[in-house]
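Enquirer: Dropping the sequence and predicted coords here.
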Amino acid sequence: MYQDKIMQESIRKVEAARAENVKLDPRRMTAEEKEQLLATYHPDYRQEQFTNLQMGPNKGDKVPVELAALLQAHSRIRDLTIDLEHPDYDVDVLVIGGGGAGASAAIEAHNGGANVMVVTKLRMGDANTMMAEGGIQAADKPNDSPAQHFLDAFGGGHFAAQKDLLQKLVTEAPEAIRWLSELGVEFDKAPDGTMITTHGGGTSRKRMHAAKDYSGAEIMRTLRDEVLNRGIPVVDFTAAIELIKDEDGKCAGAVLRNMETEEILVARAKTVIIATGGAGRLHYQGFPTSNHYGATADGLILGYRAGAKLLYPDTLQYHPTGAAFPAQIFGALVTEKVRSIGAMLINVNGEAFMNPLETRDVAAASIIRECSDRGNGVKTPAGYAVWLDTPMIEMKHGEGTIEKRIPAMMRMFGKFGIDIRKEPILVYPTLHYQNGGLKITSDGMTDVENLFVAGEAVGGIHGRNRLMGNSLLDIIVFGRNAGRNASAKAKGVTVGKLTLSHVAQFEKELADAGIETDAVSPKLLPDYARRG
Amino acid sequence: MEQMVNVFLFGKKYEVPESLTIMEAMEYSGYQLVRGCGCRNGFCGACATIYRIAGDRELKACLACSTKVENNMYVATLPYFPLVKEVYDIEKVKPTEQIMMQLYPEIYSCVGCNACTKACSQGLNVMQYIAYAQRGEYEKCAEESFDCVMCGICSSRCPAGISHPQVAMLARRLNGKYLAPHCDHLDDRIREIAEGKYEKLIEDLMQKPLSEIKELYNNREIEK
C-alpha cells in the first residue's frame, strides 16, 4: 500500500513494463565499466570519508574516520585499578562473541577437549549471523568445483583476498555444510536429497544453499542449542573491554564488563578467540545498516590495542538492497535471494537498468548512480530509491513461491501493509559488512601469539568485496578452524604473570602522536537515546 | 509537524511521533537499551513486548522492533522469559515420540486454549506445531514452526507451562539430522576433496599471474 502520489505514479510504470522487463536478461558490465562505476559512485572511494592512522600497527594506513576515532581513543580501563592476581574466570580457551563464528569455535574447542568459555555482550546468538537471510555457498554440485568457487570469490573481491585463506574457505565449504546438516540444520532440499541451490551476485554456478530466507537464523539457533547442550559456559551481557597479555607478550585473557551492573571481571585464558563481528552500527558515512545492535567493531579495537595488524580496514560492503521504505524498516536487509529467484532492479521510469546479479559493490554503486547523477530514483521521505520488482518472482516461478522461499521478506513488508507478491518494494544501499579486519594466518592466529580471530572480525578472506553466501560460510569454516587450533595450542601454553602494560603503552603512544580525544573504546553499543 | 501519539512505557506517559516503532519510541523517550534489543529487524526475538490499547480488554503481544506505536498504547517489554531448555546429545537421540515424552512431557498437558497461537509475534500456528510434536510428527512440527524467533511470548501465555520454542527447536534438529532426505552429492564432493582431486586445480589457479586470473574471471561462463 503506497499512499504517496509519486510512488503510485512510478508503480504504474513498473507494472506497465513488467511483462516486457521480466523477459530481459540485461547484459553484465565489462571489467572497465565496473571499475569506472565503482570509482565514481562507491562509498569506499569518497576520499574525504577516510583518514590515515597516526599510530599503532597500521600507522599511515587509510581507515574510515569513524573507525579511526575509535582505534585512536582511550581505553575504558584507563582510570581503573584492575586486580589481575585473582581472575574471576580461568579457562583454556576464551571465546569473545556469541555469534556464528564464536559458537562454531566454542563447539570445536570443546571437541578438542578444552575448557572453553564464551563471553558475549548481549545474548548468545545476538549477532549478524542471526540476520543473514539468503544463504551459504559451497561447491558441491557436479557442474561446480572448489576451484570455480575460488575464481568467483577472488574476482568478486577484486583479486585482493589472501589466497591461502580463500583456498581454505572454498575447499572446506562442502564439509561445513555437512557439519551443519549433521547438527540438524534444515537446508532446502529436493525430495531426493539434492540441495536446492541458486545464484548469488557474482557466482558462476548455482551454489547458494539456503534455509528459506532464515538461513542465518536457522544456523545460529542450531549452533546455540548445541553450545547449550554441551554445557559450555556462556557469560552473557558481558563485554570484553580489553585484552590481557602475559609477561612474554602473549595474549592471556580479557578484562570483562557486565553490561548492566558495570562490574569489572577478569578472565585468564591460555588462548583467546575474537569473534565479535562487524561494524554496521558505526554508521559509516551516515548510512543506515542492516547489522545487529551490537555491531560496533569492538574486536578490531581490542586487537589493535594489543598489537595485531588490520587488513583492508578501508573497505566496507554496502548491500545494494536495504529497505528504503517505509521508515520503520529503513536500512533493513532485503536479501539478495529476492534477486536470485527472479526480481529485477527497476528505476522510476520502469526501466531495468542493470543485471540484478552483479556483485554487491557494483550493484550498490549502480543504484547510487541511478538515484544521483542519472536522476532516475524514486523520491522517498529519506531520499531516493529504486524498485525491486518482487511480483516478477511469481510470474517466473508460479504462485506461492514467495511465501515458500522468502517468507521473512513477505512478513517484514506485510507488517507495514505492503504485499510483496503484488507490489514492488523500494530499496537503497545499506551498510552491511566489514570486508576488512584483523589479519590472520591460515591457522586463525593474529601476529599476537595466542590471539585468534574468526568471523567478520577477520580481514583478508574475501579481499575488497564479499560475495553473498561467503560470510555464513566463513564463520563456520574459520570459526571451527580457530576453535580447533586455539584448543590444540592451549595444551602447550603455560600462562605467565598477567599484565595490562600494553594498554598503558598504547595510551603513551596516543599522547606521543599528539592525539587529543575524549573518545573511549570499544564502543560496545550505539547511542540512539534522544536526550533533552 | 509530525503527528504525535501518547504511549505509556511501563505505565509512564511519553509523547512520541506516530511513525515510530515501539523500540524507537523508547529511544525517542530517552532509553539507552541494553536488554530487549537485538537485531532490530524481526529475526532474533530479543524484544518481545506485551501491550494493551486503553479501553481495549485484549492483551496483545509483538516484537518492539517491528511494530508501530499507537495512541494510548500501554507497553511492557519481556526481554527475558525463563523457558525450559533440556539438554540432550543430538548424536544419541532418536526421532521417535519417546524423546518428547522424556524431555518435554508437559506438552501432553496442553489444554487446547490456543493462547500461544493468538500471542505469536510471527503469526505461527503454535498450538498446531505442539500437536505435531505430541504425535512425534517432527517433520510437520519443523515446517510449522520454522519461522519461530524464540521470543518466548507463547510460553508466557501458556497455562500448561510449555516451552514451545524449545520443543520446536528439538523437532527441527531431529528433522534436519534424521528425517530430511540425505544429500548424496555432498558426500561425493567431500570424498573427492579428501582424495585431493581439486588440490592441483586450485594450486595451479593460485600460481597463475594476476593478468591470467583476471582473464579467466572476466570470461568465465555463467550457468543459466
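Expert: Cool, the structure landed. Numbering: from 1, shown residues only, chains lettered A, B, ... in the order given.
Enquirer: Could you use CA atoms for every contact and neighbour count after this?
Expert: Fine.
Enquirer: Please, which helix or strand holds A:N485?
Expert: Using DSSP states H and E, A:N485 sits in helix A:471-490.
Enquirer: What's the mean pLDDT across that helix?
Expert: Helix A:471-490 comes out with an average pLDDT of 98.
Enquirer: and that helix, what does it pack onto?
Expert: strand A:89-96, helix A:100-111, strand A:136-137, helix A:163-171, helix A:173-183, strand A:264-274, strand A:451-453 (3 or more Cα pairs under 8 Å, 6 or more residues apart in numbering or on different chains; DSSP states H and E).
Enquirer: The shortest one pairs with which strands, and in what direction?
Expert: For strand A:136-137, the pairing partners within the sheet under DSSP bridges are strand A:208-209 (antiparallel).
Enquirer: follow-up on the earlier one: tell me the angle the helix holding A:N485 makes with helix A:100-111.
Expert: Put simply, helix A:471-490 runs at 30 degrees to helix A:100-111, going by axes from the mean of the first three to the mean of the last three Cα atoms, to 10 degrees.
Enquirer: what angle separates helix A:471-490 from strand A:89-96?
Expert: On the basis of the same axes, to 10 degrees, helix A:471-490 is oriented at 150 degrees to strand A:89-96.
Enquirer: Only C-alpha atoms, please: export helix A:471-490 in CSV.
Expert: Extracted C-alpha coordinates of helix A:471-490, given in CSV (Å, rounded to 0.1, in the frame of the first residue of the first chain):
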residue,chain,number,x,y,z
SER,A,471,30.2,-14.9,5.1
LEU,A,472,27.9,-17.6,6.6
LEU,A,473,30.5,-19.9,5.1
ASP,A,474,33.5,-18.2,6.6
ILE,A,475,32.1,-18.0,10.1
ILE,A,476,31.7,-21.8,10.0
VAL,A,477,35.0,-22.7,8.3
PHE,A,478,37.1,-20.2,10.2
GLY,A,479,35.1,-20.4,13.4
ARG,A,480,35.8,-24.2,13.6
ASN,A,481,39.3,-23.7,12.5
ALA,A,482,40.0,-21.2,15.2
GLY,A,483,38.3,-23.4,17.8
ARG,A,484,40.4,-26.4,16.9
ASN,A,485,43.7,-24.6,16.7
ALA,A,486,43.1,-22.5,19.8
SER,A,487,42.3,-25.6,21.8
ALA,A,488,45.3,-27.5,20.5
LYS,A,489,47.6,-24.6,21.1
ALA,A,490,46.3,-24.2,24.7
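Enquirer: Following that helix in sequence, what is the next regular element?
Expert: Criterion used, DSSP H and E; the element after helix A:471-490 is strand A:498-499.
Enquirer: Now do that next one: which elements does it pack against?
Expert: Partner elements for strand A:498-499 (3+ Cα pairs under 8 Å, 6+ apart): strand A:238-246.
Enquirer: quick one: contacts of the strand it packs on?
Expert: Here strand A:238-246 makes contact (Cα atoms under 8 Å, 6 or more residues apart in numbering or on different chains) with A:75-77, A:96, A:119-122, A:251-259, A:268, A:298, A:302-303, A:306, A:495-500, A:502, A:521-522, A:524.
Enquirer: Rounded mean pLDDT for it, please.
Expert: Mean predicted lDDT for strand A:238-246 stands at 98.
Enquirer: Show me the contacts of strand A:238-246 that map onto strands.
Expert: A:75, A:96, A:119, A:251-258, A:268, A:498-499, A:521 (DSSP state E).
Enquirer: Neighbour-wise, give me the winner out of those.
Expert: Using other Cα atoms under 10 Å in any protein chain shown as the neighbour test, the ones in strands among the contacts of strand A:238-246 are led by A:G253, with 34 neighbours.
Enquirer: where's that one relative to chain B, distance?
Expert: In this view, A:G253 and chain B are 24 Å apart by Cα to the nearest Cα, to the nearest Å.
Enquirer: ok, back up a step: let me know the angle separating the helix holding A:N485 from helix A:163-171.
Expert: 110 degrees.
Enquirer: ok, back up a step: among the ones in strands among the contacts of strand A:238-246, which one sits closest to chain B?
Expert: Each of the ones in strands among the contacts of strand A:238-246 was checked against chain B using Cα to the nearest Cα; the closest is A:N258, at 10.9 Å.
Enquirer: wait, that closest one sits on A:F237?
Expert: Yes. Under the criterion of Cα atoms under 8 Å, A:N258 makes contact with A:F237 at 6.0 Å.
Enquirer: Name the residue of the stretch 1-150 of chain A that lies nearest to chain B.
Expert: Closest point on the stretch 1-150 of chain A to chain B, by Cα to the nearest Cα, is A:A147, at 5.0 Å.
Enquirer: Skipping its backbone neighbours, what lies nearest that residue in space?
Expert: Closest residue in space to A:A147, ignoring its immediate chain neighbours: B:I202 at 5.0 Å, by Cα to Cα, 6 or more residues apart in numbering or on different chains.
Enquirer: Buried residues, whichever strand or helix holds that neighbour. List them.
Expert: Using DSSP H and E, B:I202 maps to helix B:199-207. For helix B:199-207, the neighbour count (16 or more other Cα atoms under 10 Å in any protein chain shown) marks B:199, B:202, B:205-206 as buried.
Enquirer: now swap in stretch A:237-253 and tell me
Expert: So stretch A:237-253, judged by 16+ other Cα under 10 Å, has buried residues A:237-246, A:249-253.
Enquirer: what's the offset of it from the middle of its chain?
Expert: Put simply, stretch A:237-253 sits 24 Å off its chain's centre (Cα atoms, centre = their mean, to the nearest Å).
Enquirer: so where do the strands sit in the stretch 351-500 of chain A?
Expert: For the stretch 351-500 of chain A, strands defined by DSSP state E, counting those that start in this stretch occupy the ranges A:378-380, A:383-389, A:425-434, A:437-439, A:451-453, A:458-459, A:498-499.
Enquirer: just chain B next, same as before
Expert: Applying DSSP E to chain B gives strands spanning B:4-9, B:12-17, B:48-53, B:60-63, B:73-77.
Enquirer: Deepest-packed of those, please.
Expert: With neighbours defined as mean count of other Cα atoms under 10 Å in any protein chain shown, the strands of chain B peak in mean count at strand B:60-63, which reaches a mean of 23.
Enquirer: so what does that strand touch, helix or strand wise?
Expert: strand B:48-53, helix B:115-119.
Enquirer: Return the distance of it from the chain's centre.
Expert: Centroid separation for strand B:60-63 versus its chain: 14 Å, with Cα atoms, centre = their mean.
Enquirer: Any figure for the gap between the most centrally placed residue in chain B and chain A?
Expert: In chain B, the centroid-proximal residue (Cα atoms, centre = their mean) is B:V149; its distance is 1.8 Å. From B:V149 across to chain A, the span is 8 Å (Cα to the nearest Cα).
Enquirer: do the same with B:F146
Expert: Distance from B:F146 to chain A, by Cα to the nearest Cα: 8 Å.
Enquirer: residue contacts, that residue?
Expert: Each residue near B:F146 by Cα under 8 Å, 6+ apart is listed here: B:R172.
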